[in-house]
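*Asks:* sequence unknown, structure follows:
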């Protein structure tokens, strides 16, 4: 492996001189296809690059026996190993970044196992949106970063939220020529709790392949050059997420793409044509047996390509269908909730990341939404901000409320007694909350990650029936579980026969719905189909999506969520086709 004398003295926060910003390199891929292994196994292919790295791995694993943020010990230790300064030779971050920046993508192959583990860990962490800093001493980089230029940083970029950290002599110091980067970040990863230097550096990591626009320059002192960067969405996927195809579908929803944020922004209230909110479903549809749906769907939202126009969506996730067939969509990568009335060609943004600040900050990657009719408000799973919030539906309302925070939330549901159910992907559990309760009670899972009847493996979407039974799409166990009220173990009601496309199997299921007959409807995302499982059935029935992956009216590309209106029409969020399809009763 090629070595460079420059790297011997650079710290994580100043290692940026050799970023190839004058041209775009080929995308990075291949790491997503290797098996996820332990840290000890992951460093074997690169151990010859270092002196005594096994000792550093031992230290990292020892320090990470009780990791936070839902990470495993190996994942947390991979982050810590990246932050460590090795004695007697180059540190891991230096050689890793050298390979990430190489035009010869073959140099990365020995790093694939570590890169998969490291990126998997980072993808699990909450996204940080805000101002961060990094820099380099003894050089003015202004000429390489011209205003208006768009560029990628290929290395792992260590930054800090506290500019004072960089003023120390260890990093930039306070004298001599220095270049300081002020970065508007939207998808940073807060690694302080996993760093070797806890509570000292306030570190935020930007992923390899982060993409920026140069907004301007500032020279507040003779030798201090400040370059203002804004993180934006790259034109293509520059670094593949650390999973193969549908290995962990939900990971796509946390990271792997960039999306520009406005600062000091706030979800805005719904501006209805009247102060009265359409009511939620007063009863459950599909009371009749043997219903059949048209196989060709009608696009009722989006369908005009990926984008942020009011006639577009960008990887939508959850949805809610009101009595009058108005649909509310969690438009994930557009960081907004958008309302689409029946027969409208454009939606109306009702909460997003671009309105005035009223105390809550912007939405970040919402994954689900429902309506609480009693309070005339939206309940939003604000996944990127790790919180569930309430936002009033009344015209002129100005203040929302955080209901639950510090939770890696995905799906939400509410029963008729207004108890709120929230899935926690990282803790592999579902909790039930009485309004005003911040802690909740575990009602499913909570016994660690696993496939036992008392366990879950990345629970996603939820449904609560009239008997207060809870249904959970147990994503990585490829099954749907039912927890009867008060039970300590669940019952497999769909799938559970391993990943596959047989009628007895599911592949990374997402959205679910249960009618009053006990029939379960499942968005079988990995198999590009919607299935129903009659109560007690040993196998499911494909009701829509028998034609493989695609964008035709009878096809899906990752059906994500589903629901019904009062007329039994089926609505499906078609995630990668950036649309919502309605399938009418035959």
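*Replies:* Perfect, I can see it now. Just so we're clear, the structure is a prediction, and the values are computed from it rather than from any experiment. Numbering: from 1, shown residues only.
*Asks:* per-domain residue ranges of this structure.
*Replies:* As assigned by automatic domain parsing, the chain contains the domains 5-252, 298-583.
*Asks:* Of those, which stretch is the most buried?
*Replies:* Comparing the domains of the chain by mean neighbour count (mean count of other CB atoms under 10 Å), domain 298-583 comes out on top with a mean of 20. Heads up, the C-betas are built off the backbone N, CA and C, glycines and all.
*Asks:* Distance from the chain centre to it, please.
*Replies:* Averaging C-alpha positions (CA atoms, centre = their mean, to the nearest Å) puts domain 298-583 14 Å from its chain's average.
*Asks:* repeat for stretch 215-235
*Replies:* That offset, for stretch 215-235, works out to 28 Å (CA atoms, centre = their mean).
*Asks:* next one: stretch 121-136
*Replies:* Centroid displacement of stretch 121-136 relative to its chain, using CA atoms, centre = their mean, is 14 Å.
*Asks:* Check stretch 157-171 too.
*Replies:* Using CA atoms, centre = their mean, the mean C-alpha position of stretch 157-171 is found 27 Å from that of the whole chain.
*Asks:* In CSV: the domains of the chain, plus mean pLDDT and distance to residue 292.
*Replies:* CSV is the format used below for the domains of the chain (pLDDT from 0 to 100; distance: least, CB to CB, whole Å):
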stretch, mean pLDDT, distance to residue 292
domain 5-252, 87, 28
domain 298-583, 91, 8
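*Asks:* For those domains, give me JSON lines that also has distance to residue 291.
*Replies:* Shown next, in JSON lines, are those (distance: least, CB to CB, whole Å):
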{"stretch": "domain 5-252", "distance to residue 291": "28"}
{"stretch": "domain 298-583", "distance to residue 291": "6"}
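*Asks:* Quick one, which of those gets closest to residue 290.
*Replies:* For residue 290, the closest of the domains of the chain is domain 298-583, at 10.1 Å, according to CB to CB.
*Asks:* Endpoint to endpoint, that closest one covers what distance?
*Replies:* 7 Å (CA to CA, to the nearest Å).
*Asks:* Start and end of stretch 318-334, how far apart?
*Replies:* End-to-end distance (CA to CA), stretch 318-334: 13 Å.
*Asks:* just stretch 423-430 next, same as before
*Replies:* Terminal residues of stretch 423-430 lie 4 Å apart, using CA to CA.
*Asks:* cool, and stretch 27-35?
*Replies:* 20 Å.
*Asks:* just stretch 455-472 next, same as before
*Replies:* Using CA to CA, one end of stretch 455-472 lies 11 Å from the other.
*Asks:* Could you do stretch 479-488 as well?
*Replies:* 18 Å.
*Asks:* what's the answer for stretch 315-330, then?
*Replies:* Stretch 315-330 has an end-to-end distance of 9 Å (CA to CA).
*Asks:* Do I have it right that residue 388 meets residue 422?
*Replies:* Yes - contact criterion CB atoms under 8 Å: residue 388 and residue 422 qualify, at 5.8 Å.
*Asks:* Overlap in contacts, the two.
*Replies:* Contact criterion CB atoms under 8 Å, 6 or more residues apart in numbering; residues shared by residue 388 and residue 422: 381, 404, 407, 409, 412.
*Asks:* wait, which of those is closest to residue 320?
*Replies:* So of those, ranked by how close each gets to residue 320 (CB to CB), first place is residue 412, at 9.9 Å.
*Asks:* Spit out the contact partners of that closest one.
*Replies:* 368, 369, 370, 379, 381, 388, 420, 421, 422, 423, 462.
*Asks:* same thing but 7 Å
*Replies:* Applying CB atoms under 7 Å, 6 or more residues apart in numbering to residue 412 gives the contacts 368, 370, 379, 381, 388, 420, 421, 422, 462.
*Asks:* in which helix or strand would I find it?
*Replies:* strand 409-414 (DSSP states H and E).
*Asks:* same check, this time on residue 180
*Replies:* For residue 180, the enclosing helix or strand under DSSP H and E is strand 178-190.
*Asks:* and that strand, which strands flank it?
*Replies:* Taking DSSP bridges as the criterion, strand 178-190 sits next to strand 127-137 (antiparallel), strand 203-206 (antiparallel), strand 224-231 (parallel) in its sheet.
*Asks:* C-terminal to the second one, what's the next element?
*Replies:* Scanning forward in sequence from strand 203-206, with DSSP H and E defining helices and strands, the next element found is strand 210-221.
*Asks:* and the strand holding residue 412, which strands flank it?
*Replies:* strand 420-424 (antiparallel).
*Asks:* how far off strand 420-424 does the next helix or strand after the strand it pairs with point, in degrees?
*Replies:* As assigned by DSSP H and E, the chain's next helix or strand after strand 420-424 is strand 429-433. With axes from the mean of the first three to the mean of the last three CA atoms, to 10 degrees as the basis, strand 429-433 and strand 420-424 are set at 160 degrees to each other.
*Asks:* Does anything pack onto strand 429-433? Which helices or strands?
*Replies:* Applying 3 or more CB pairs under 7 Å, 6 or more residues apart in numbering; DSSP states H and E, one finds that strand 429-433 contacts strand 420-424, strand 441-445.
*Asks:* got the contact list for that strand?
*Replies:* Against strand 429-433 from outside (CB under 7 Å, 6+ apart): 404, 419-424, 440-446, 456, 459, 462, 470, 472.
*Asks:* returning to what we had before: could you dump the helices and strands packed on strand 429-433 into CSV and include distance to residue 545?
*Replies:* Formatted as CSV, those follow (distance: least, CB to CB, whole Å):
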stretch, distance to residue 545
strand 420-424, 24
strand 441-445, 27
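*Asks:* Ok, which of those strands comes nearest residue 46?
*Replies:* Closest to residue 46 of the helices and strands packed on strand 429-433, according to CB to CB: strand 420-424, at 34.0 Å.
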